[in-house]
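> fold the stuff below for me.
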Amino acid sequence: MPVIGGSRAPEESTWNADGVWQRQAGDPPVYVPKGYSGSADESQGSFVTDKRDKKRFFIPSGGAGGISEAVLRNDAYSNSGGRP
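As a prediction, this is how the structure comes out:
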């Protein structure tokens, strides 16, 4: 999982090269862990928002797809320009 920073959000093919995240409908988009089939709402987890382009990463409580919640959160922070 690459670490991406800077003032401009990179293309999805760069920050999601490992295919950890899948896009759901929305503008700005919401990304959930690949294979996650639950609802992406705050009763099921939390969100990390990219300040550069406002895309949101949903972090399910307990993780998903064999990836822990902590790893997903760290990846979301890395791909959204850093911690809030």
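> so Phe58 is in contact with Val30, correct?
Yes - here Phe58 reaches Val30: they are 5.9 Å apart, a contact under C-beta atoms under 8 Å. Yep, even glycine has a C-beta here, placed from its N, CA and C like the rest.
> common neighbours of the two, please.
Listed contacts common to Phe58 and Val30 are Ala40, Phe47; contacts here mean C-beta atoms under 8 Å, 6 or more residues apart in numbering.
> what residues of stretch 53-60 count as buried?
Lys55, Arg56, Phe57, Phe58, Ile59, Pro60 (16 or more other C-beta atoms under 10 Å).
> for the chain, what's the longest helix?
Counting residues, the longest helix found in the chain (DSSP state H) is helix 69-79.
> pull the number of nearby residues for the residue lying closest to Gly62 once chain neighbours are set aside.
In space, and not counting its chain neighbours, Gly62 is closest to Glu69: 5.8 Å by C-beta to C-beta, 6 or more residues apart in numbering. By other C-beta atoms under 10 Å, the residues close to Glu69 number 16.
> ok, Glu69 to Ser61 distance?
Distance, Glu69 to Ser61, by C-beta to C-beta, to the nearest Å: 7 Å.
> overlap in contacts of the two?
Common contact partners of Glu69 and Ser61 (C-beta under 8 Å, 6+ apart): Gly45.
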